[in-house]
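K.L.:
Quick one: sequence plus predicted model below, questions after.
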Amino acid sequence: MSAGSGILDIAAEVAEALASGVPVVALESTIISHGFPFPANVECALEAERVIREQGAVPATIAIIAGRLVVGLSREQIEHLATAGSERIAKASRRDIPLLVAARADGATTVAGTMLVAAMAGIRVFATGGIGGVHRGAQRSFDVSADLLELARTEVAVVCAGAKSILDLELTLEVLETHGVPVLGYQTDEFPAFYSRTSGHGVDYRVDSVEQIAAALRARREMGMGGGTVIANPIPVEYEIPRSELDSWTATALLQAEEAGIHGKAVTPFLLARLHELSGGVTEDANKQLVYSNARVAARIAAAL
């Protein structure tokens, strides 16, 4: 059963939670269709939802199914995205969503796409793995993730393990600053680099409790500022990958991407797949664990709101 209007389908459980003030946390679906191989993608999606429920919140995994914006996927819909194949499920960012809706197609929402649909549904907190950013060499390619511009315009708080080390983190933070997007470090002074707890770059403000984060989000809303907030939550220390190993794998993967002529939105999936191979699967487990950690923190923030 679902509740919704127009092209938005909100699962009954999610709609009831929103109506009654029960905390709700949005989850993306690109991680299902393009982030992990089957069956690890189903395992990660369902475990992230379980972690959110464990904290007393309701998960709302978002995707486009047959041209409908679905907020709160069923298990069958998750398995469909997980098994249909990445070539059949489009990555859906802001620019893609209207076309997928018009074509009555399926799409897995990116960070930007998930933020857009979550805001339409009235969900204020979203947990993901890591945000997109400015790609290395963007001075030539102008390859800047739409996630950053969505954070500038859409009022959703995004809990993430920073951004992937395959990106230019310094320029990513500069773009966020230019667009007035605050970067809050949850119990950290340093912006995390996805698999690593450190990056060598600071955050705008350190916050040590979810209550502090909730207060900051309320203040932004009361002032009508709009725009999102990045809440950087480092990967749990026991799953962190040493920077020296990560940098070596990343350099190799970037060189292979350049030699293969990979560019645009194909870069990140290619690099993550290569990191998985080069690490012997270590990065996949780390990726899952940081997603679960972000889901847990996001649920607590949603409850504090």
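P.N.:
In hand now; what should we look at?
K.L.:
Now do the buried residues in stretch 258-274.
P.N.:
Within stretch 258-274, the residues that qualify as buried are 262, 267-274, counting by 16 or more other CB atoms under 10 Å. Bear in mind the C-beta positions are built from the backbone N, C-alpha and C, glycine included.
K.L.:
Report the backbone C-alpha coordinates of it in CSV.
P.N.:
The C-alpha atoms that make up stretch 258-274 are tabulated as CSV, following Å, rounded to 0.1, in the frame of the first residue of the first chain:
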residue,chain,number,x,y,z
GLU,A,258,42.7,7.4,-17.7
GLU,A,259,44.2,4.6,-19.9
ALA,A,260,40.7,3.2,-20.6
GLY,A,261,39.2,6.6,-21.5
ILE,A,262,36.7,6.4,-18.6
HIS,A,263,35.1,9.8,-17.9
GLY,A,264,32.0,11.5,-16.5
LYS,A,265,29.6,9.5,-14.3
ALA,A,266,31.2,6.3,-15.3
VAL,A,267,34.4,7.2,-13.4
THR,A,268,33.2,6.5,-9.9
PRO,A,269,31.7,3.0,-10.5
PHE,A,270,34.9,2.1,-12.4
LEU,A,271,37.2,3.3,-9.7
LEU,A,272,35.2,1.6,-6.9
ALA,A,273,35.2,-1.7,-8.8
ARG,A,274,39.0,-1.4,-9.3
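K.L.:
If you average the pLDDT over it, what comes out?
P.N.:
For stretch 258-274, mean pLDDT is 80.
K.L.:
How far does that stretch sit from its chain's centre?
P.N.:
Per CA atoms, centre = their mean, to the nearest Å, the displacement of stretch 258-274 from the mean C-alpha position of its chain is 19 Å.
K.L.:
same thing with stretch 161-178?
P.N.:
Mean-position distance between stretch 161-178 and its chain equals 14 Å (CA atoms, centre = their mean).
K.L.:
what's the answer for stretch 161-180, then?
P.N.:
Stretch 161-180 sits 14 Å away from the centroid of its parent chain (CA atoms, centre = their mean).
K.L.:
What's the end-to-end length of it?
P.N.:
End-to-end distance of stretch 161-180 (CA to CA, to the nearest Å): 20 Å.
K.L.:
helix, strand or coil for the residue in the chain sticking out farthest from the centre?
P.N.:
Distance to the chain centre peaks in the chain at E259, reaching 28.2 Å (criterion: CA atoms, centre = their mean). Three-state call for E259 (DSSP: H, G, I helix; E, B strand; the rest coil): helix.
K.L.:
who are the neighbours in contact with it?
P.N.:
By CB atoms under 8 Å, 6 or more residues apart in numbering, the contact set of E259 is empty.
K.L.:
Check the buried residues of stretch 258-274 and tell me the two furthest apart.
P.N.:
Pairwise distances across those (CB to CB) peak at 11.8 Å, for the pair I262 and L272.
K.L.:
any weak-confidence spans in the stretch 151-300 of the chain?
P.N.:
Counting by pLDDT under 70, the low-confidence segments of the stretch 151-300 of the chain come to 264-265.
K.L.:
can you pull out the strands in the stretch 1-150 of the chain?
P.N.:
2-3, 8-11, 24-27, 58-65, 68-71, 90-92, 107-109, 125-127 (DSSP state E, counting those that start in this stretch).
K.L.:
Dump those strands to JSON lines, plus mean pLDDT and mean neighbour count.
P.N.:
Shown next, in JSON lines, are these (pLDDT from 0 to 100; neighbours: other CB atoms under 10 Å):
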{"stretch": "strand 2-3", "mean pLDDT": "49", "mean neighbour count": "16"}
{"stretch": "strand 8-11", "mean pLDDT": "97", "mean neighbour count": "20"}
{"stretch": "strand 24-27", "mean pLDDT": "98", "mean neighbour count": "30"}
{"stretch": "strand 58-65", "mean pLDDT": "98", "mean neighbour count": "26"}
{"stretch": "strand 68-71", "mean pLDDT": "98", "mean neighbour count": "24"}
{"stretch": "strand 90-92", "mean pLDDT": "95", "mean neighbour count": "23"}
{"stretch": "strand 107-109", "mean pLDDT": "98", "mean neighbour count": "28"}
{"stretch": "strand 125-127", "mean pLDDT": "98", "mean neighbour count": "30"}
